[in-house]
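Participant: missing the sequence, but the structure's below:
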């Protein structure tokens with residue numbers, strides 16, 4: 001009887017222990033399942049085929065960017081050397097050959113900050129993700145002083161070859177020919193330039209000659225602004241894990257890439273000056289107005305928009321070791337670039353109509369004031385289609401802080417071809433400037449560091 005009672009108590013104890021173990025196992029399973037939705041659940045570093053198991057479900061990533069944008073190709077303000085003009089000062093024996101002296105070499109591949117996001121879903125074998133980025137505007141100012149500029153300047157008077165930059169100088173008894181201009185007749189978008197030689201129209205034959213006048217700006221300010229952003233959508237096909245635990249994904253999708261550039265130039269000249277004092281040691285007190293010379297106080301803005309869209313292919317390799325993970329990704333897009341050009345501005349805003357109405361010593365003689373030009377505004381536009389390949393390489397190191405939260409850092413490089421830049425697409429020609437699309441196939445390299453956080457269910 002005692003033995004039966006002991007056996008009964010023993011059986012009851014075993015059943016109680018089994019029931020408690022079952023309840024505890026169910027509680028642990030529920031806790032692990034609930035970790036899928038907890039940001040700060042413990043990290044899961046259980047080995048799986050040589051490495052941690054790849055996450056499945058929805059994911060979101062955010063990056064801070066520090067990227068640089070490569071500068072445009074070298075180009076001059078005006079026609080580049082060896083284009084030149086023979087210009088005269090004061091008399092028909094005082095001349096010099098003038099070349100363009102100012103260019104965009106002061107621009108640099110400066111770094112800017114920005115943001116990038118990745119959003120998507122990944123199953124065991126198939127998934128998708130959406131990615132987009134935007135950089136802050138890259139703004140660069142640069143300056144020039146006593147800037148000479150050579151422009152294409154077709155004649156406005158075929159009889160005497162007078163151009164918009166013709167002026168008056170004093171006629172001398174001994175005539176000296178200053179040489180010929182060395183314009184290249186193949187300058188895009190313009191007829192061959194026939195430079196005016198110093199001539200003597202009948203109405204001015206007694207005192208003056210008509211010559212090319214200098215085109216020099218006392219001060220020039222340029223501002224170059226670049227905007228860059230893009231978005232892509234990809235389907236992801238995941239292969240079976242490799243024997244070492246690495247994961248290979250293939251990407252199929254489409255990319256949109258945008259690069260806009262605005263280049264603004266403003267020229268300045270002094271309006272007044274103090275004449276030197278007649279008495280030594282005393283400050284100057286006489287203020288005189290200065291005539292507008294050449295194309296004083298001109299301005300122009302060139303805007304170029306590169307809008308690229310096309311299909312994209314890529315591949316990604318990921319390998320993990322416990323909490324640590326490395327990822328490399330390469331993509332290539334074959335894009336169609338819709339290039340839009342806009343240009344507006346004005347020449348010689350200080351030139352008054354009465355300056356060119358009647359040749360006189362007050363305005364025209366030896367001062368560099370145009371004889372037959374009072375300035376004008378202009379507004380131009382154009383559109384070109386160009387093939388633009390886009391190649392991207394990403395490399396990142398990731399560390400898992402919690403089950404669903406990771407931090408990462410890496411490098412991204414973007415190479416884009418078939419790009420038009422604003423400062424390289426200006427046709428320097430009077431009277432309406434113009435757009436030059438011959439340099440619309442430049443390469444741009446954008447690259448830099450990324451720092452971010454990932455949330456993966």
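Facilitator: Ah, there it is. The shown structure was predicted, so the numbers you read here are calculated from the model rather than taken from an experiment.
Participant: only C-alpha atoms for contact and neighbour calcs from this point on.
Facilitator: Fine.
Participant: who are the neighbours in contact with residue 220?
Facilitator: Neighbouring residues of residue 220 by Cα atoms under 8 Å, 6 or more residues apart in numbering: 143, 144, 145, 147, 265, 266, 267, 268.
Participant: Quick one: neighbours of the nearest residue to it once chain neighbours are set aside, just the number.
Facilitator: Among residues not flanking residue 220 along the chain, residue 267 sits closest, at 4.5 Å (Cα to Cα, 6 or more residues apart in numbering). Other residues near residue 267 come to 23 when the count uses other Cα atoms under 10 Å.
Participant: Helix or strand: which one has residue 267?
Facilitator: strand 247-268 (DSSP states H and E).
Participant: again, but for residue 66
Facilitator: Assigned by DSSP H and E, residue 66 belongs to strand 57-69.
Participant: by contact count, what packs against that strand?
Facilitator: Helices and strands touching strand 57-69, by 3 or more Cα pairs under 8 Å, 6 or more residues apart in numbering; DSSP states H and E, are strand 111-122, strand 442-456.
Participant: Can you give the contact residues for it?
Facilitator: Residues outside strand 57-69 that contact it (Cα under 8 Å, 6+ apart) are 109-123, 135, 444-457.
Participant: Check the residues you listed for burial and list the buried ones.
Facilitator: Among the contacts of strand 57-69, those classed as buried by 16 or more other Cα atoms under 10 Å are 111-122, 135, 444, 446-457.
Participant: Do you know the pLDDT at residue 352?
Facilitator: pLDDT for residue 352: 67.
Participant: Need the pLDDT of the closest residue to residue 215 other than its chain neighbours.
Facilitator: Among residues not flanking residue 215 along the chain, residue 294 sits closest, at 5.2 Å (Cα to Cα, 6+ apart). Here the pLDDT value assigned to residue 294 is 80.
Participant: sorry, back to before: which strands or helices does the helix or strand just after the strand holding residue 66 pack on?
Facilitator: Downstream of strand 57-69, the first helix or strand assigned by DSSP H and E is strand 85-88. Under the contact definition 3+ Cα pairs under 8 Å, 6+ apart, strand 85-88 sits against strand 95-98, strand 208-212.
Participant: rewinding a little: how close does the residue nearest to residue 220 get to residue 87?
Facilitator: Residue 267 sits 20 Å away from residue 87, taking Cα to Cα, to the nearest Å as the criterion.
Participant: close enough to count as contact, the residue nearest to residue 220 and residue 294?
Facilitator: No - if you go by Cα atoms under 8 Å, residue 267 and residue 294 don't touch, sitting 11.3 Å apart.
Participant: how about low-confidence regions in the stretch 251-400 of the chain?
Facilitator: For the stretch 251-400 of the chain, applying pLDDT under 70 flags the ranges 272-279, 284-291, 352-367.
Participant: Switch the contacts of residue 220 over to CSV; also include distance to residue 331.
Facilitator: As requested, those are exported to CSV (distance: Cα to Cα, whole Å):
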residue, distance to residue 331
143, 40
144, 42
145, 46
147, 45
265, 38
266, 41
267, 44
268, 47
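Participant: just the residues you listed now: which is nearest residue 212?
Facilitator: Residue 212 lies nearest to residue 147 out of the contacts of residue 220, by Cα to Cα, at 16.9 Å.
Participant: which helices and strands sit right next to the one helix or strand the closest one maps to?
Facilitator: Assessed by DSSP H and E, residue 147 sits inside strand 138-148. Packing contacts for strand 138-148, counted by 3+ Cα pairs under 8 Å, 6+ apart, involve strand 216-238.
Participant: Many thanks, have a good one.
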